[in-house]
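Participant: I would like the atomic coordinates for the input below:
(one chain, ligands or ions: 3)
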Amino acid sequence: MSQRVRGVIAREKGKPVEVATIVVPDPGPGEAVVKVQACGVCHTDLHYREGGINDEFPFLLGHEAAGVVEAVGDGVTDVAPGDFVVLNWRAVCGNCRACLRGKPWYCFATHNAAQKMTLEDGTELSPALGIGAFVEKTLVHAGQCTKVDPSARAAAVGLLGCGVMAGIGAAINTGGVTRGDSVAVIGCGGVGDGAVAGAALAGATTIIAVDTDDRKLEWARGFGATHTINAREADVVEAVRALTGGNGADVVIEAVGRPETYRQAFYARDLAGTVVLVGVPTPEMTLELPLLDVFGRGGALKSSWYGDCLPSRDFPMLTELYKQGRLDLDAFVTEEITLDGVEQAFGRMHAGDVLRSVVIF
Ligand SMILES: NC(=O)c1ccc[n+]([C@@H]2O[C@H](COP(=O)([O-])OP(=O)(O)OC[C@H]3O[C@@H](n4cnc5c(N)ncnc54)[C@H](O)[C@@H]3O)[C@@H](O)[C@H]2O)c1
Ligand SMILES: [Zn+2]
Ligand SMILES: [Zn+2]
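Facilitator: Residues are numbered from 1 along each chain as shown. Ligands and ions are numbered 1, 2, ... in the order given. Have a look, this model is predicted:
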């Protein structure tokens, strides 16, 4: 048995996305079908459409989602039909060398559904980040479903499924930001503002937001930025140093995914400080740095996959902070749109008009 639903696919590299009929199989062992309620438009979806992730077209896009479990396959015990869940794209295996060492957020063998969703002619779809959630119903691995408080707004908590979690985690989990730290965040989209909010939650006292767009800088202030730098008007490294006693920030988070902004992050941090790369570069990008500077500046150069989050630990906790009014997830939702609006939402993201457009079903 299978169901036919509407979803957004990227059929060819660089071509506008389209709404198509998607065939969703019934859940097999360890799988779940989720009725999607809300799914945010993330820059990574655009990367997929542009061929920047891989060439496995056609893609079923969308991956920052919340919804209700409709059906589960054999052997699924953690979630049941009716559960309100946020989808995650790193369902940890529990058995790989990272999991066995007690560092499951690095899991090297994360789970995805074994069956494929297809087009009506049988063409297999590659679901974005193993999810694919710009679709009325999606098939995932049951471990990709994390239960959260069902009274939370789906459009808001769904964002914990990717960008906002990646940003918050980049600051708190990967960067280890703590009270009294100075933090700079380069690139203040959904991910960067997540990092700003995370730094504020962790008690950083100086939080410098860097972007090329004044509207983004204004929004970043709303999430807790204490200072802002427009990268078109100032030398970012000099400006960050000037705001941190001439030293640079303790933690600099790169949330753009480009060599030039990474270089800024590298030099805008204090000696022995930490750089966190959470922006995703494309395959052709390279970086050259004097090795002596890598050595001489000390500290840590880290990457952040999904904010080094553990969905089972972090999604319910952040949902609770949201419900208590201490994490303003609603402020990330610039607009609610329908499935037909994803292509235009990419345009608005590109133009910097939105933090997150969220598809509502
Ligand atoms: N590591 C992860 O797990 C993870 C998860 C989700 C997204 N991402 C990646 O994070 C990055 C950001 O995603 P997003 O959804 O926030 O995108 P976005 O488009 O909403 O935000 C990017 C921001 O960077 C700003 N920017 C662009 N060039 C800049 C420059 N030279 N200097 C300063 N700011 C600049 C833009 O104005 C924009 O505000 C993307 O590369 C995305 O793929 C990573
Ligand atoms: Zn594992
Ligand atoms: Zn994403």
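
Participant: pLDDT of stretch 95-114, averaged?
Facilitator: Mean pLDDT, stretch 95-114: 97.

Participant: buried stuff in that stretch?
Facilitator: 98, 99, 104, 105, 107, 110, 111, 112, 113 (16 or more other CB atoms under 10 Å). No exception for glycine: its C-beta is placed from N, CA and C like everyone else's.

Participant: for the second one, what are its contacts?
Facilitator: Looking back up the chat, that one is residue 99. 92, 93, 107, 109 (CB atoms under 8 Å, 6 or more residues apart in numbering).

Participant: one more time with 7 Å
Facilitator: 92, 93, 107 (CB atoms under 7 Å, 6 or more residues apart in numbering).

Participant: Is it correct that the first one is in contact with residue 106?
Facilitator: No. Residue 92 sits out of contact with residue 106 when judged by CB atoms under 7 Å, with a separation of 9.1 Å.

Participant: still on that earlier bit, let's see which of the buried residues of stretch 95-114 end up in helices.
Facilitator: Those of the buried residues of stretch 95-114 mapping onto helices are 98, 99, per DSSP state H.

Participant: Mind checking which of the buried residues of stretch 95-114 are in strands?
Facilitator: Judged by DSSP state E, the subset of those located in strands is empty.

Participant: Turn the buried residues of stretch 95-114 into TSV, including distance to ligand 3.
Facilitator: Formatted as TSV, those follow (distance: CB to the ion, whole Å):
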residue	distance to ligand 3
98	21
99	23
104	20
105	17
107	18
110	15
111	18
112	15
113	18
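
Participant: Please identify which of the buried residues of stretch 95-114 is nearest to residue 350.
Facilitator: residue 112 (28.5 Å; CB to CB).

Participant: Now that closest one: closest residue in space that isn't a chain neighbour?
Facilitator: Nearest non-adjacent residue to residue 112, counting by CB to CB, 6 or more residues apart in numbering: residue 130, 3.6 Å away.

Participant: Distance of the one you found relative to residue 108?
Facilitator: Residue 130 is 14 Å from residue 108, where distance means CB to CB, to the nearest Å.

Participant: likewise residue 170?
Facilitator: For residue 170 relative to residue 108 (CB to CB), the value is 20 Å.

Participant: Residue 182 too?
Facilitator: From residue 182 to residue 108 the distance is 33 Å (CB to CB).

Participant: From the contacts of residue 99, list the ones also adjacent to ligand 2.
Facilitator: 93, 107 (CB under 5 Å from the ion).

Participant: I'd say residue 139 and residue 27 touch.
Facilitator: Yes. Residue 139 lies in contact with residue 27 (CB under 7 Å); the separation is 6.4 Å.

Participant: what about the two, which has more around it?
Facilitator: Higher neighbour count among residue 139 and residue 27: residue 139, with 31 against 23, using other CB atoms under 10 Å.

Participant: Assess the claim that residue 63 and residue 128 are in contact.
Facilitator: Yes. Here residue 63 lies in contact with residue 128, judged by CB under 7 Å, at a distance of 4.7 Å.

Participant: The two - which one has more neighbours?
Facilitator: Using other CB under 10 Å, the more surrounded residue of residue 63 and residue 128 is residue 63, with 29 against 26.

Participant: quick one, what contacts residue 59?
Facilitator: Counting by CB under 7 Å, 6+ apart, residue 59 has contacts 9, 10, 48, 125, 126, 128.

Participant: Near the fourth one, how many other residues are there?
Facilitator: As a burial measure, residue 125 scores 23 neighbours (other CB under 10 Å).

Participant: Next one: it, what pLDDT does it get?
Facilitator: With respect to pLDDT, residue 125 has a value of 98.
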